[in-house]
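**Q** show me the folded form of this:
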Amino acid sequence: MAKTLSSVAQRRIQSELTEWMRSPPEGCCLESCEPMTSWVVVMQGPEGHSRLYADEVFRLRIDFGEQYPLDPPDVVFLAPAPIHPHIYSNGHICLDILYSGNNGGWSPALTMSKVVLSLRSMLASATEKKKPPGDAEYCARVGNRSPKLSRWQFEDDKV
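**A** Alright, predicted model coming up:
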């Protein structure tokens, strides 16, 4: 069932899609954008100083809501999610720019190109592959519901 988008959301998503096609973010390509409200992005693992993810490929799903860009989209890694201290096994990502309210750092000025580059940077700065504390419990509790329904604590700015 297709979502009903505000005219602002429709124009913004179309504008971002056009810009993405003209100049895709480094290491990323758009696998799908049908319907326009749900993108699947293929992301090459970054070749940062640790090279932990350099030979890996990941997929992200971006689901835009009717109030985008005022509200952030749902952004999750599709299985298998990277093993990373801020990425849960169900693909949920603990990164402040993906959330509004409760110390979230979402801004309507962010674009999906900037978001995926931030995610690649987060992977590049990792010093070890490990799951977040409480990964199994979190995944069992929330399942596949929207990560925006979780109460995130953004305390670790090192990774």
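
**Q** who's in contact with the residue lying closest to L149 once chain neighbours are set aside?
**A** In space, and not counting its chain neighbours, L149 is closest to V142: 7.2 Å by Cβ to Cβ, 6 or more residues apart in numbering. For glycine as for every other residue, the C-beta is placed from the backbone atoms N, C-alpha and C. The contact partners of V142, taken as Cβ atoms under 8 Å, 6 or more residues apart in numbering, are N90, H92, L149, S150.

**Q** any of those residues buried? List them.
**A** N90, H92, S150 (16 or more other Cβ atoms under 10 Å).

**Q** make TSV out of the residues you listed and add distance to D63 and secondary structure.
**A** Below are those laid out as TSV (distance: Cβ to Cβ, whole Å; DSSP: H, G, I helix; E, B strand; the rest coil):
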residue	distance to D63	secondary structure
N90	15	coil
H92	13	coil
S150	15	coil
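
**Q** could I get those residues as CSV with pLDDT and distance to R51?
**A** Formatted as CSV, those follow (pLDDT from 0 to 100; distance: Cβ to Cβ, whole Å):
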residue, pLDDT, distance to R51
N90, 96, 26
H92, 96, 25
S150, 78, 30
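
**Q** low-confidence ranges in the protein?
**A** Within the chain, the segments meeting pLDDT under 70 span 1-3, 48, 102, 153-159.

**Q** make it 50
**A** 1, 159 (pLDDT under 50).

**Q** residue ranges for the strands of it, please.
**A** Counting by DSSP state E, one finds strands in the chain at the ranges 28-32, 38-44, 57-63, 74-77.

**Q** ok, back up a step: which one of the contacts of V142 is nearest to T4?
**A** L149 (20.8 Å; Cβ to Cβ).
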